[in-house]
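Trainee: Sharing a sequence plus its predicted fold:
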Amino acid sequence: MSALPGSGTAALLCVERDPEACHRSLIAQRLTEQHHVTIEHLRPL
């Protein structure tokens, strides 16, 4: 099992416009719940 780094920034990328329509929202939710990381979804203008 690998561990999350103690610092730094990571990005999850996908071709879906909305996070709710993509697998990244599931990963982001789990990271928030289990590791208390801050998630920011970047959306096109």
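Mentor: Everything's here; your move.
Trainee: What sits closest to residue 13 if chain neighbours are left out?
Mentor: Distances taken as Cβ to Cβ, 6 or more residues apart in numbering put residue 24 closest to residue 13, at 7.7 Å, once the chain neighbours are dropped. Every residue, glycine included, has its C-beta placed from N, CA and C.
Trainee: So residue 25 sits against residue 12, correct?
Mentor: No. Counting by Cβ atoms under 8 Å, residue 25 stays clear of residue 12, with 9.3 Å between them.
Trainee: Which one of the two is surrounded by more residues?
Mentor: residue 25 (17 against 14; other Cβ atoms under 10 Å).
Trainee: Next, the buried residues of the helix or strand encompassing the more buried one.
Mentor: For residue 25, the element it lies in under DSSP states H and E is helix 23-35. Using 16 or more other Cβ atoms under 10 Å as the test for burial, helix 23-35 gives 24-25, 28, 31.
Trainee: And the residues you listed, which is closest to residue 39?
Mentor: residue 28 (4.4 Å; Cβ to Cβ).
Trainee: Just the pLDDT at the residue nearest to that closest one when sequence neighbours are not counted, thanks.
Mentor: Using Cβ to Cβ, 6+ apart and skipping the chain neighbours, the partner closest in space to residue 28 is residue 39 (4.4 Å). pLDDT recorded at residue 39 is 87.
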